[in-house]
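> Next comes the sequence, and after it the predicted model I'd like to discuss.
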Amino acid sequence: MGIATTILEFLDRTGVDYNVIQHPHAPSSMRTAEAAHVSGELVAKGVLLKDTEGYVLAVVPASHHVQVGHVQEKLGRPLETAPEPELAEVFPDCEPGAVPAVGPAYELDTIVDPSLQGQPNIYFEAGDHEELIHVTGAVFESLLQDARFMPCSEHRP
């Protein structure tokens, strides 16, 4: 499939440097990290949350789980994980389950776990299950400059 058109246009519009990392097909962000030989701490995954007001994209390391209750409390919204069929509506140019971590590309309110700040490199889904976008940590933070950085995850056991 390749890079999702929305992501490609967003990256081109922002004019940032990035490269694409090919990896064997992987069904989850943690498996993607393993297949690409990258630490799960450096792979940013998107988790789509929803309520009656709309969607929020939570961006956390692949090695973490989103703490939905904590996000609800911090944002004062009754958010829940969006069901799989809605992902195709929000990310129509992405393969099922390949949620990109760049909410602004899809005009989504975005929250980012601070554990992703200050990292030298960040990787995120390109919209399929066989490619990652690699950017410097500074570029990643610039792509998400309008996002809220707030604790929203816990490390997986």
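All right, it came through fine.
> model confidence over the longest helix anywhere in the chain, on average?
Criterion DSSP state H: the longest helix present in the chain is helix 5-14. Regarding helix 5-14, the rounded mean pLDDT is 97.
> Past it, which element shows up next along the chain?
For helix 5-14, the succeeding helix or strand toward the C-terminus, using DSSP states H and E, is strand 19-22.
> need the contact list for residue 4.
91, 93, 94, 98, 100, 126, 127, 128 (C-beta atoms under 8 Å, 6 or more residues apart in numbering). C-beta: built from backbone N, CA, C; applies to glycine.
> Can you add distance to residue 80 and neighbour count and give these back as JSON lines?
JSON lines is the format used below for the contacts of residue 4 (distance: C-beta to C-beta, whole Å; neighbours: other C-beta atoms under 10 Å):
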{"residue": "91", "distance to residue 80": "18", "neighbour count": "25"}
{"residue": "93", "distance to residue 80": "24", "neighbour count": "18"}
{"residue": "94", "distance to residue 80": "21", "neighbour count": "25"}
{"residue": "98", "distance to residue 80": "21", "neighbour count": "24"}
{"residue": "100", "distance to residue 80": "20", "neighbour count": "26"}
{"residue": "126", "distance to residue 80": "27", "neighbour count": "26"}
{"residue": "127", "distance to residue 80": "24", "neighbour count": "23"}
{"residue": "128", "distance to residue 80": "26", "neighbour count": "17"}
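> which one among these gets closest to residue 71?
Lowest distance from residue 71 to the contacts of residue 4 (C-beta to C-beta) belongs to residue 100, with 18.7 Å.
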